[in-house]
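Participant: coords please:
(chains A and B)
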Number of protein chains: 2
Amino acid sequence: MNAPLSAPAVPRYEQLADDIEAAVQRGVFGPGERIPSVRRASEQHGVSIKTVLHAYALLESRGVIESRPQSGFFVKARPRMHAARATQAAAKARRAGTPADARAAGKAAPATAAAPVDVSRLVLSTLRSIGAQDAVPLGSPYPDPALYPWRRVNQYANAIARRQASWTLIDDLPPGNPELIRQIARRYAENGATIDPDEIVITVGATEAINLSLQAVAKPGDTVAVESPTYYAMLHAIERLGMRAIEVSTHPDTGIDLDALERVLTRQKVAACMVMPNFQNPLGFRMPDENKARLVALACAHDLPVIENDVYQELYFGQTRPSSLKQFDTRGLVLHCASFSKSLSASYRIGWALPGRYRAQVEKLKFLNTLTTPSVPQVALADYLRHDGYDRHLRRLRRFYRQQARLMRAMIERFFPAGTRTSDPQGGYVLWVELPPRVDSMRLYQAALAQGITIGPGYMFSMRNDFHHYIRLNYSYPWTAQTEAALKTLGELIAKMA
Amino acid sequence: MNAPLSAPAVPRYEQLADDIEAAVQRGVFGPGERIPSVRRASEQHGVSIKTVLHAYALLESRGVIESRPQSGFFVKARPRMHAARATQAAAKARRAGTPADARAAGKAAPATAAAPVDVSRLVLSTLRSIGAQDAVPLGSPYPDPALYPWRRVNQYANAIARRQASWTLIDDLPPGNPELIRQIARRYAENGATIDPDEIVITVGATEAINLSLQAVAKPGDTVAVESPTYYAMLHAIERLGMRAIEVSTHPDTGIDLDALERVLTRQKVAACMVMPNFQNPLGFRMPDENKARLVALACAHDLPVIENDVYQELYFGQTRPSSLKQFDTRGLVLHCASFSKSLSASYRIGWALPGRYRAQVEKLKFLNTLTTPSVPQVALADYLRHDGYDRHLRRLRRFYRQQARLMRAMIERFFPAGTRTSDPQGGYVLWVELPPRVDSMRLYQAALAQGITIGPGYMFSMRNDFHHYIRLNYSYPWTAQTEAALKTLGELIAKMA
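Facilitator: The predicted structure is shown next:
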C-alpha cells in the first residue's frame, strides 16, 4: 500500500498514475473495467480533483485507460502489459507449485523438490501441480467430484437461500447446527453405533476436527505416536502445533503394530496416538476388530488419548460399515473425527468430532479457531441426509471404487516392472504401490509431472526415509484411454529408474 | 457407542432394544421417523434377523415404535419420553449458557458467571443466551442480518450451483479463489489503497486470519501486547495459542496509548502487538493518521509484528474509508486482517489476511488449519462484488448506523442514571457505556437476562478488572418500542445497583 503521509518524491499526480497503472498490471482492474470516478479517487487518495484529472490524463497518454463520455474512465481493452493474462499466468504459476515467495509472473517455474521433513510444503505444492495442469490426477488425494451428488445437495442449499431471508451466526454457534447434529447421530445409529448427539462438535472438515482434537489433548513439545506410513494431515497437525511425531510401523493389512506401540508407550511419555483404523490413507487396510479392541485397551492402560480419523467409514467394500475405535471405548479416551468430504461433498467442508471426555475443550477450541462453521452448508447437508438417497449414492460409490481398485491393480501388474507390489484396499479410493528400491519417488514425481501425470510421492507420508520408493495412486476417476496411457508411461519411467 | 465385542450381561435382543430406545429418547430418531429395517439392523449390529425381530417386538410392547405394513418400523408419534421436545430443550439449555459438561436435559440452567480470566467461556455463554431466548439483542456482537443483501448474495451462490456440476477443492487451495482475491484487491484500490493481490490469503472469517497471523509471528509462552479494553477475539487468539497478553491502556478517542506501549516495548520482550485502529470494538474510535504512522514507526524500531484487525473498515461515518496501518508499513511488519462479515455476509465466513513478510507462513498455516475455505461462498462473494451494488448497500448501512448511534446515545442519556458516560463511535455498530463504579456488569447481565435483555458485560474485553462497570451495547437493530423499553429497564436496574 502507499503511505498517504509519506512525502512524495515524484509529483503527486504521477505517483497516483503509477499506483493505478500498477493495479492494472496486477489485474486488479481488468481490461474493460471501470476505474474509480475522479471524485471518488480524489476523496479516497486525499488529493484534489485537479490532481486526479492530471493523473488520469497521464494514464490515457500512456494507453492504460480511456475515457468514455458520460461513463467514466475504463481500462483499455488491450493494455500494453496484457495484464489479465499475466495475472492468470502468475496465478497458474503459483498453483503449479512455485514457492510463494518467488512468484515470477508469466512463467511457471518447475515444481521444486521440497525437503522431505517439510511435509506440508511438499503436499501443498503437489496439490497445486494437480490443479494447475490438466494432468492425469493419479496423485490427487480427493475423489473425482463427478461421482458425488453435488447438484442435489446444491438444490437444498438453494432452497434454504430462498426460504430464509437472513441468517444469524448465533443459530449455529458451536457445537453446530442442531438438525445436522441429529442427522449425523441418526446415521451412526442406522449403522449400528449408538452415540450421544450431544457429544458431536461440527467443524470445518475433518482437518479442523483433527487439529482441535490434538490441541485438546497435547501441548507443544509433546510426542505423538502415528502410523508409518501415515496420512499426512496427521503430520500436519503435529507440525502446526509444534509437537513431535514418533512413527510406529504399520502393517498393510492389519494396521499399526500394537507390540511396537506398546514398547514405545512403556519406554517414553507419549501424549496422544493418531490412527486411521478404517481404509487408512495410503495403505487401505481395515484394522481387525480384535486389534481395535486391543488398541483401545492399551490406550486405557496408559491413559492415552487416541485420535481416530474415520473419514472413509462409509466407503467400505465389505457388507457392513466397519466398527470404529470409538465403539470399543468406555472411558472417553477416543476422539473420533470424520467428515462428509469423502462421502458426499468435499467443497462444503463439513466435518465433526466426537471427542469423548475432551468434548468441552474441543468445543471451546472450535469457537476460538474459526468461531462457527458456515450455516448454509450445514443445513443443506442436514436436509439432504433427511430426504435424499444417501444410501443409494453410497452403494453406487462403493461398488464403483471396489471395481476401480481391481482394475488399477491389474493395470499396474501389466505395466509396472517386476519388483512392484500393491496394497489390497478394503475401502476408499487410493492404492499404495511399492516400487523397486532404486526408484526415488520424488524423481519419479518430477519426471511424471513433465509428462502431465501426477502421483503422490511416498515422502509425503512419513518424516523418515522409509518410503522413498513408494507412491500413492488415486483410482476414483473413471477409467479412460488417457489413464491407461498414463500408467503405461509411469511403468516405463519406473523401469528406466530401476 | 456400544462395544460390539463386550460380553452382553443382558440378552442381546434386549440390549439392542435398549440402544434403540436410548437413540429415540435422545431424538436421534424423531417421532414418525423410520428406524433401520430388520435386515439392515441385523447386518449393522452383527446379530441375527431373529434377534432384531425380538428387539423390535420388545420396543413395540414398550410403546416406542410401531410397525406399518409394507413400510417398516417407525418411532411412535408421541413417544413416552417426549424425546424430541426433551432434546430441543436440551439444545436450548446448551445454547442458553449451561456449561457443556453439565447438560441437564429439559431445564435451562441460569447462565453461569464465568471467571473473568476465562474470557472465551464467558463470551460463548453470552452469545448463547442471545441466541436461545428471544431476547433484546443489545449484547450481540453481530449486526442485524436483516440489513444485509443476503438474498442477492444467495442468488449468486445459486447461479454457481446451477452452472457448475461439480467443484473441486483443488481450484481453491490456499491462498484461495483467484477471482475473489482480485475483487478484494480491486476494492482496496477503489478505496485508494494499492495492495498486491498476491499478498492476500483467504480465510474462514477474520477469526482464522487473526489466529494464523498470531501463530505466524509468535510462539507459546510469548507475550503479546493488546489494547485495553480489547476485542475479545484478540484475547481468544492469545489464549488458544498458550501466549500471554499484556494490556496497554487505550484512549476512547485516539486508541492505544503509544507512550505506554513504548515503555512496555523497552522494558520487556514483546512478540507481537494486536490492535484494531478503525472503529475498535468496543470503543468505536478511529485512530488518527499521525498515531497510526507513529505506531508503525514504533513497530519498525522494535522489529515488532503488528496484527491489525480491520473488519470495520467499510463501516465509517466520515466521508472516506479510514487509512489502515498497512498503508504506513514499508517493511512488511503489519499483518492486516479483515472480512466480509460486518459489511456483506456474516454466515458466509469469508475473511482474509495481508500478512506482509509473513505471507508464506500464514498461507501454510491456513493449509494446515482448515485446508481450504469453502468454494461456493468465495465465488458467490466475488460475483456479487463484480456485479452488484456493494457501494450502494454500504452507503445505506453507514447512514443507518450513524443515525442509530446518535439515537442510542440520546436514549441512554434519557434513561440511565447520572454518572453514565458513553463512547462516541466513529464507525461500526457498538457503543461502550461506562456505568457508575458500583454497578457490576456481570450482575447487571444476569438481572437483564432475567428480563429478556442481553448486554455485553465489560469483563469480556479484558483479563484485568478495570471494566467491571462497563457494558457494550449493539445499536444495529432498528429502533422499536421494545428496544426503548429495554433501555428503560436497563436504566432502572442500573439505578438500583448504583
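Participant: now residue A:63, what's its secondary structure?
Facilitator: Recorded secondary structure, residue A:63: coil (DSSP: H, G, I helix; E, B strand; the rest coil).
Participant: Okay, domains of chain A per the record?
Facilitator: According to the domain assignment given by automatic domain parsing, chain A is divided into the following structural domains: A:12-75, A:119-147+A:393-497, A:150-388.
Participant: and these, which one is worst for confidence?
Facilitator: Ranked by mean pLDDT, the domains of chain A end with domain A:12-75 at the bottom, a mean of 84.
Participant: how long is that domain end to end?
Facilitator: Terminal residues of domain A:12-75 are spaced 21 Å apart (C-alpha to C-alpha, to the nearest Å).
Participant: Equivalent analysis for stretch A:299-318, please.
Facilitator: 28 Å.
Participant: How about it, which residues are buried there?
Facilitator: Across stretch A:299-318, burial judged by 16 or more other C-beta atoms under 10 Å in any protein chain shown covers A:299-300, A:302, A:304-317. The C-beta positions use only the backbone N, C-alpha and C, and glycine is treated the same way.
Participant: before we move on, the earlier item: quick one: closest of the domains of chain A to residue B:217.
Facilitator: Taking C-beta to C-beta as the measure, the domains of chain A were each checked against residue B:217, and domain A:150-388 came out nearest at 14.0 Å.
Participant: can I assume residue A:120 is in contact with residue B:367?
Facilitator: Yes - applying C-beta atoms under 8 Å, one finds residue A:120 in contact with residue B:367, separated by 6.4 Å.
Participant: got any residues that touch both of the two?
Facilitator: Both residue A:120 and residue B:367 are contacted by residue A:236, under the criterion C-beta atoms under 8 Å, 6 or more residues apart in numbering or on different chains.
Participant: Which helix or strand lies directly C-terminal to the top helix by length along chain A?
Facilitator: Taking residue count as the measure and DSSP state H as the definition, the longest helix of chain A comes out as helix A:390-415. As assigned by DSSP states H and E, the chain's next helix or strand after helix A:390-415 is strand A:421-422.
Participant: and the helix or strand following that next one with helix A:390-415, angle?
Facilitator: Toward the C-terminus, strand A:421-422 is succeeded by strand A:430-434 as the next helix or strand (DSSP H and E). Here the directions of strand A:430-434 and helix A:390-415 differ by 20 degrees (axes from the mean of the first three to the mean of the last three C-alpha atoms, to 10 degrees).
Participant: Packing partners of the helix or strand that strand A:430-434 is followed by?
Facilitator: Per DSSP H and E, the first helix or strand lying C-terminal to strand A:430-434 is helix A:441-450. Packing partners of helix A:441-450 (3 or more C-beta pairs under 8 Å, 6 or more residues apart in numbering or on different chains; DSSP states H and E): strand A:456-457, strand A:470-474, helix A:481-497.
Participant: let's go with 10 Å and repeat that
Facilitator: helix A:119-132, strand A:456-457, strand A:470-474, helix A:481-497 (3 or more C-beta pairs under 10 Å, 6 or more residues apart in numbering or on different chains; DSSP states H and E).
Participant: Most tightly packed of those?
Facilitator: Per residue and on average, the most neighbours among these fall to strand A:456-457, with a mean of 28 (mean count of other C-beta atoms under 10 Å in any protein chain shown).
Participant: on that earlier part again, how about the helices and strands packed on helix A:441-450, which one is nearest chain B?
Facilitator: Closest to chain B of the helices and strands packed on helix A:441-450 is helix A:119-132 (C-beta to the nearest C-beta; 3.6 Å).
Participant: nearest spatial neighbour of residue A:47, skipping sequence neighbours?
Facilitator: Distances taken as C-beta to C-beta, 6 or more residues apart in numbering or on different chains put residue A:12 closest to residue A:47, at 5.7 Å, once the chain neighbours are dropped.
Participant: Go through the helices and strands packed on helix A:441-450 and name the closest to residue B:431.
Facilitator: Closest of the helices and strands packed on helix A:441-450 to residue B:431 is helix A:119-132, at 43.7 Å (criterion: C-beta to C-beta).
Participant: Can you name every helix or strand that the closest one contacts?
Facilitator: Going by 3+ C-beta pairs under 10 Å, 6+ apart, helix A:119-132 lies up against helix A:83-95, helix A:232-240, helix A:441-450, strand A:456-457, helix B:359-370.
Participant: Buried deepest among these, which one?
Facilitator: Buried most deeply of those, by mean count of other C-beta under 10 Å, is strand A:456-457, with a mean of 28.
Participant: Run the chain-centre distance for it.
Facilitator: Put simply, strand A:456-457 sits 15 Å off its chain's centre (C-alpha atoms, centre = their mean, to the nearest Å).
Participant: so what does it touch, helix or strand wise?
Facilitator: Strand A:456-457 sits against helix A:119-132, strand A:430-434, helix A:441-450, strand A:470-474, with contacts defined as 3+ C-beta pairs under 10 Å, 6+ apart.
Participant: try 8 Å this time
Facilitator: With contacts defined as 3+ C-beta pairs under 8 Å, 6+ apart, the secondary structure elements packing on strand A:456-457 are helix A:119-132, helix A:441-450, strand A:470-474.
Participant: partners of that strand in the sheet?
Facilitator: Strand pairing for strand A:456-457, determined by DSSP bridges: strand A:470-474 (antiparallel).
Participant: just the angle between the strand it pairs with and helix A:119-132, please?
Facilitator: When the same axes, to 10 degrees is applied, the directions of strand A:470-474 and helix A:119-132 differ by 40 degrees.
Participant: helix/strand/coil for residue A:378?
Facilitator: In the three-state summary, residue A:378 is assigned as helix, counting by three-state DSSP.
Participant: Quick check: closest non-adjacent residue to it.
Facilitator: Leaving aside its sequence neighbours, residue A:378 sits nearest to residue A:177 (C-beta to C-beta, 6+ apart; 4.0 Å).
Participant: list the contacts for the one you found?
Facilitator: Under the criterion of C-beta under 8 Å, 6+ apart, the contact partners of residue A:177 comprise A:171, A:202, A:375, A:378-379, A:382.
Participant: Neighbour count added to those residues, as CSV?
Facilitator: As requested, those are arranged in CSV below (neighbours: other C-beta atoms under 10 Å in any protein chain shown):
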residue, neighbour count
A:171, 17
A:202, 27
A:375, 22
A:378, 25
A:379, 22
A:382, 22
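Participant: Tell me, how many residues neighbour the spatially closest residue to residue A:409 that is not a sequence neighbour?
Facilitator: Leaving aside its chain neighbours, residue A:409 sits nearest to residue A:422 (5.2 Å; criterion: C-beta to C-beta, 6+ apart). By other C-beta atoms under 10 Å in any protein chain shown, the residues close to residue A:422 number 19.
Participant: Quick check: bridge partners of residue A:422?
Facilitator: residue A:433.
Participant: list the contacts for it?
Facilitator: Residue A:422 makes contact with A:409, A:412-413, A:431-434 under the criterion C-beta under 8 Å, 6+ apart.
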